[in-house]
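Engineer: With the input below, show me the fold.
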Amino acid sequence: MDEVLRAVSDPTRRAILDLVREREVPAGEIAERFPEISRPAVSQHLRTLASAGLVEVRRAGNRRFYRLRPEGLTEALTFLETMWSTSLGRLRQAAEREDRDARGSL
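Structural biologist: This is a model prediction of the structure:
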C-alpha cells in the first residue's frame, strides 16, 4: 500500500491515471499531454505507476499501451474507507454530545 500511496501522491501521476482511466492509451499520446515534461520523465512516471500495480502495460511491436488497473487501488481504498468511517463516527458522537449539552442548558 505504501508504494501505491507514494505513486498517487504526485500530481502528474494522478493526471496520468485520470487519462488512462477510461481507455487504453499509447505512451506517446500520454507524453504529448504533458509537453512541459520530458519523455524520459513521463516514462519514469509510467514505470512508477506500473510498479505500484496501478496501470497495466500492453506491448504491441515497439509501442506500449497503458490502462488503469482499478484493483491496484483496493488496499489503499479499504484503508481510507476505514479511516473515513471512523472519522464520521467520531463526528457523529461529537454532534450528539453537543446536541445533548445544548438541550441541557435550555
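Engineer: can you pull out the strands in this structure?
Structural biologist: Here the chain has its strands, by DSSP state E, at 25-26, 55-60, 63-68.
Engineer: in its sheet, what does the last one sit against?
Structural biologist: Partners of strand 63-68 in the sheet, by DSSP bridges, are strand 25-26 (antiparallel), strand 55-60 (antiparallel).
Engineer: on that earlier part again, can I get the strands of the chain in a markdown table with distance to R6 and mean neighbour count?
Structural biologist: (Each C-beta comes from the backbone N, C-alpha and C, glycine too.) Listed next are these as a markdown table, based on distance: least, Cβ to Cβ, whole Å; neighbours: other Cβ atoms under 10 Å:
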| stretch | distance to R6 | mean neighbour count |
| --- | --- | --- |
| strand 25-26 | 22 | 16 |
| strand 55-60 | 15 | 14 |
| strand 63-68 | 17 | 18 |
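Engineer: Kindly reformat these as TSV containing distance to R100 and mean pLDDT.
Structural biologist: Converted to TSV, the strands of the chain look like this (distance: least, Cβ to Cβ, whole Å; pLDDT from 0 to 100):
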stretch	distance to R100	mean pLDDT
strand 25-26	54	98
strand 55-60	50	97
strand 63-68	46	97
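Engineer: could those go into TSV alongside distance to F34?
Structural biologist: Below are these laid out as TSV (distance: least, Cβ to Cβ, whole Å):
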stretch	distance to F34
strand 25-26	12
strand 55-60	15
strand 63-68	13
